[in-house]
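Novice: need coordinates for the following:
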Amino acid sequence: MAKRNNSILNIQDALKDFVENNKLEKGLDKVNVRNAWTKLMGNGVNNYTTAVDLKNETLYVELSSSTLREELSYGKHKIRTMLNEELGKNLIKKVILR
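Specialist: Residues are numbered from 1 along each chain as shown. Just a heads-up that it's a prediction; the model follows:
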């Protein structure tokens, strides 16, 4: 039976250690980016969003509307800035709309 560690550790530090030890940060970042996209873009854009994926600091967003894709392409820099601010770290370097 394993011995119990008597040191007190708050839950935030315990979860952070768990994520780091098991190398789960990239997966959590992908989930957080999807949630941030949903929150920031609203229902109008989310109705036409079919996929949101983060790969190597590039955000790939698939849209079912070509007109919406064209309109959002004018604001790629602003979208990237808003998402990075929402996430609290500079994860996204480039946005690609498909």
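Novice: so where is the protein shaky, pLDDT-wise?
Specialist: The model of the chain has pLDDT under 70 over residues 1-6, 19.
Novice: show me where it has its helices.
Specialist: All helices of the chain, identified by DSSP state H, fall at 11-21, 25-46, 66-73, 76-87.
Novice: closest one to Lys93 among the ones you listed?
Specialist: Nearest of those to Lys93, taken as C-beta to C-beta: helix 76-87 at 7.6 Å. C-beta here means a position set from N, CA and C on the backbone, and glycine is covered the same way.
Novice: contacting residues for the most centrally placed residue in the chain?
Specialist: Closest residue to the average C-alpha location of the chain: Val33 at 1.4 Å, with C-alpha atoms, centre = their mean. By C-beta atoms under 8 Å, 6 or more residues apart in numbering, the contact list for Val33 reads 52, 54, 59, 83, 87, 91-92.
Novice: turn those into JSON lines, columns for neighbour count and distance to Lys23.
Specialist: Formatted as JSON lines, the contacts of Val33 follow (neighbours: other C-beta atoms under 10 Å; distance: C-beta to C-beta, whole Å):
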{"residue": "Val52", "neighbour count": "20", "distance to Lys23": "22"}
{"residue": "Leu54", "neighbour count": "19", "distance to Lys23": "16"}
{"residue": "Leu59", "neighbour count": "25", "distance to Lys23": "21"}
{"residue": "Leu83", "neighbour count": "22", "distance to Lys23": "23"}
{"residue": "Leu87", "neighbour count": "15", "distance to Lys23": "19"}
{"residue": "Leu91", "neighbour count": "18", "distance to Lys23": "16"}
{"residue": "Ile92", "neighbour count": "20", "distance to Lys23": "20"}
